[in-house]
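*Asks:* my questions are about this predicted structure, shown below with the sequence.
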Amino acid sequence: MDLKSNHTAPVLADPAPISKSRLVASSLLPYSSPAPVFSPNLLLTVPRKKTGILDDVRASSWLDAMKSSSPRHTSTRDYNHEIVSADTDVAYRTWMVKYPSALSSFEQITNFAKGKRIALFLDYDGTLSPIVDNPDFAFMSIDMRAAVAKVAKYFPTAIISGRSRDKVYGFVGLTDLYYAGSHGMDIMGPVRESSDDPPNCIRSTDKQGKGVKLFQPASEFLPMIDEVCMAPECHTLSPSAFPLCSNVEFHSSQVFNSLVNSTKEIKGAKVENNKFCVSVHYRNVDEKNWKTVAQCVHDVIRNYPRLRLSHGRKVLEVRPVIDWDKGKALTFLLESLGLSNHDDVLPIYVGDDRTDEDAFKVLREGNLGYGILVSSAPKESNAFFSLRDPQEVMEFLKSLVNWKKTSVL
Ligand SMILES: O=P(O)(O)OC[C@H]1O[C@H](O[C@H]2O[C@H](CO)[C@@H](O)[C@H](O)[C@H]2O)[C@H](O)[C@@H](O)[C@@H]1O
């Protein structure tokens with residue numbers, strides 16, 4: 001999948017599947033400018049069905065996606081890969097030929113990184129913290145926090161999460177990082193005096209009083225009609241009474257309430273407000289009721305033409321219909337950090353989820369850097385390397401720090 005670049009945007013020359021040869025560090029091509037990401041129109045068009053019933057075809061594709069959305073884990077020991085059958089192990093090892101371990105390939109990675117500035121982008125759930133049944137208890141370990149704190153001393157580091165920015169900051173609790181919440185729709189990044197800010201970017205200060213840039217692309221592309229939406233009568237009307245209402249946060253809380261209401265009878269279902277997105281968790285729902293979860297979500301979002309659905313790990317994620325994702329957030333952060341358009345920069349993105357694939361794709365297709373997929377089960381990815389679980393992520397972060405400390409640059 002090599003790139004031929006013209007003056008404006010790279011052209012994909014070969015849409016063939018990811019080849020083994022692309023997995024070697026030396027084949028990372030020199031930087032070619034990515035297409036501008038801040039296009040004036042980020043609104044996506046999503047075809048909608050008028051019917052209120054989730055028809056069989058859609059229901060089965062939702063269900064298939066729901067079933068395949070996360071490797072089954074029966075106990076935490078799975079994550080330490082102690083209980084794996086021989087078959088699973090063989091399948092995993094075969095898969096690792098295509099996605100080699102970032103730990104065993106560490107020398108290859110650092111050889112390529114020599115003389116370059118590494119920038120680190122880390123997903124939260126399933127990457128820095130193990131997947132647990134209750135999303136409110138997805139704490140990272142003390143050791144992991146220490147490892148992240150150390151790595152952030154040596155490399156610019158950002159967390160890009162589907163959680164709300166405040167919530168993920170609450171879990172990580174480190175100040176020397178940049179945070180992007182709501183799948184990148186709520187970014188608090190560094191201020192760069194020399195660069196122009198895109199629309200919807202405001203300068204502010206963080207909790208420590210440091211100058212920061214706050215970028216919330218969703219509010220730009222779903223123009224606010226605050227006055228209308230926030231009028232008290234709005235709250236009592238059904239959502240279809242204000243189809244043009246486009247205050248995302250307002251939608252988010254409206255949708256949140258509707259989803260909470262419609263799923264309250266489903267045992268184990270949990271709805272989480274992530275500010276610009278709402279997550280509907282079904283990890284603890286009996287599989288025979290997953291279709292009901294899907295139906296409830298479908299029934300709610302069909303009232304909101306400006307919302308769409310994506311799938312995460314045993315979670316349905318409702319988000320605004322804008323062309324913005326973790327990949328765009330990564331590009332935005334690289335620009336904000338003054339690290340885009342440089343041959344001597346090596347971004348590394350570590351993540352476990354489907355939504356992280358957008359970031360892996362940006363790195364792969366732009367020949368910019370490495371995606372590292374965290375997975376204990378084989379799955380197709382745009383990442384270059386793999387790590388099994390958060391424990392291995394921690395080892396990788398520690399190795400980066402040791403390498404940096406000892407390398408003579
Ligand atoms: O982008 P991320 O930081 O990975 O956030 C994606 C979603 O992560 C959380 O859900 C996932 O982790 C939970 C805790 O381990 C688990 O219970 C759930 O099944 C997973 O889907 C978070 O709760 C969601 O809101 C995020 O969208």
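*Replies:* On my side now, so go ahead. As the structure is a prediction and not an experimental result, all values here were calculated from the model.

*Asks:* now the residue nearest to Leu368 when sequence neighbours are not counted: how far from the ligand?
*Replies:* Among residues not flanking Leu368 along the chain, Pro347 sits closest, at 5.7 Å (C-beta to C-beta, 6 or more residues apart in numbering). For the C-beta atoms, the positions are set from N, CA and C on the backbone; glycine is no exception. The spacing between Pro347 and the ligand, counted by C-beta to the nearest ligand atom, to the nearest Å, is 17 Å.

*Asks:* give the helix, strand or coil label for Pro347.
*Replies:* Taking DSSP: H, G, I helix; E, B strand; the rest coil as the rule, one finds Pro347 in the strand state.

*Asks:* what residues does it make contact with?
*Replies:* Residues near Pro347 by C-beta atoms under 8 Å, 6 or more residues apart in numbering: Ile118, Ala119, Leu120, Phe121, Leu330, Leu334, Leu339, Leu363, Leu368, Gly369, Tyr370.

*Asks:* now tabulate those residues in a markdown table and tack on secondary structure and distance to Ser262.
*Replies:* Output for the contacts of Pro347, formatted as a markdown table (DSSP: H, G, I helix; E, B strand; the rest coil; distance: C-beta to C-beta, whole Å):
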| residue | secondary structure | distance to Ser262 |
| --- | --- | --- |
| Ile118 | strand | 45 |
| Ala119 | strand | 41 |
| Leu120 | strand | 39 |
| Phe121 | strand | 35 |
| Leu330 | helix | 34 |
| Leu334 | helix | 40 |
| Leu339 | coil | 44 |
| Leu363 | helix | 38 |
| Leu368 | coil | 42 |
| Gly369 | coil | 42 |
| Tyr370 | strand | 41 |
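
*Asks:* looking at those residues, which is nearest the ligand?
*Replies:* Nearest to the ligand among the contacts of Pro347 is Phe121, at 11.3 Å by C-beta to the nearest ligand atom.

*Asks:* quick one: low-confidence residue ranges for the stretch 251-400 of the chain.
*Replies:* 251-252 (pLDDT under 70).

*Asks:* how much space separates the nearest residue in space to Asn382 that is not next to it in sequence from the ligand?
*Replies:* Of all residues not flanking Asn382 in the chain, Phe360 sits nearest, at 3.8 Å (C-beta to C-beta, 6+ apart). To the ligand, Phe360 is 13 Å away according to C-beta to the nearest ligand atom.

*Asks:* is it correct that Phe360 falls within a helix?
*Replies:* Yes - assessed with three-state DSSP, Phe360 lies in a helix.

*Asks:* mind listing what it touches?
*Replies:* With contact set as C-beta under 8 Å, 6+ apart, Phe360 has these partners: Gly327, Tyr349, Gly351, Gly371, Leu373, Ser381, Asn382, Ala383.

*Asks:* can you tell me which of those are in helices?
*Replies:* Among the contacts of Phe360, the members found in helices (DSSP state H) are Gly327.

*Asks:* tell me which two in the contacts of Phe360 are the farthest apart.
*Replies:* Using C-beta to C-beta, the pair of the contacts of Phe360 lying farthest apart is Gly327 and Leu373, separated by 14.4 Å.

*Asks:* for the chain, what lies in contact range of the ligand?
*Replies:* Taking C-beta under 6 Å from any ligand atom as the contact definition, the chain meets the ligand at 123-126, 131-133, 135, 138, 161-163, 272, 274, 279, 281, 283, 312-315, 317, 353, 355.

*Asks:* hmm, 5 Å instead?
*Replies:* Counting by C-beta under 5 Å from any ligand atom, the chain comes close to the ligand at 123-125, 131-132, 135, 138, 161-162, 272, 279, 283, 312-315, 353.

*Asks:* ok, of those, which come out buried?
*Replies:* 123-125, 131, 135, 138, 161-162, 272, 279, 283, 312-315, 353 (16 or more other C-beta atoms under 10 Å).

*Asks:* all helices of this structure, in order?
*Replies:* 56-67, 76-79, 86-98, 106-113, 142-154, 165-172, 217-221, 226-230, 232-236, 248-263, 290-301, 326-336, 357-365, 390-406.

*Asks:* so which of these is the most packed in?
*Replies:* helix 326-336 (a mean of 25; mean count of other C-beta atoms under 10 Å).

*Asks:* so what touches that helix?
*Replies:* Applying C-beta under 8 Å, 6+ apart, the external contacts of helix 326-336 come out as 34, 37-38, 119, 121, 123, 158, 160, 178, 180, 183-185, 187, 189-192, 195, 198, 213, 215, 217, 340, 345, 347, 349, 351, 355-356, 358-363, 368.

*Asks:* put the alpha carbons of that helix into PDB.
*Replies:* Extracted C-alpha coordinates of helix 326-336, given in PDB (Å, rounded to 0.1, in the frame of the first residue of the first chain):
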ATOM      1  CA  LYS A 326      -9.500   9.200  16.300                       C
ATOM      2  CA  GLY A 327      -7.400   9.400  13.100                       C
ATOM      3  CA  LYS A 328      -8.400  13.100  12.600                       C
ATOM      4  CA  ALA A 329      -7.700  13.800  16.200                       C
ATOM      5  CA  LEU A 330      -4.200  12.200  15.800                       C
ATOM      6  CA  THR A 331      -3.500  14.500  12.800                       C
ATOM      7  CA  PHE A 332      -4.900  17.500  14.700                       C
ATOM      8  CA  LEU A 333      -2.600  16.800  17.700                       C
ATOM      9  CA  LEU A 334       0.400  16.200  15.500                       C
ATOM     10  CA  GLU A 335      -0.200  19.600  13.900                       C
ATOM     11  CA  SER A 336      -0.800  21.300  17.300                       C
END
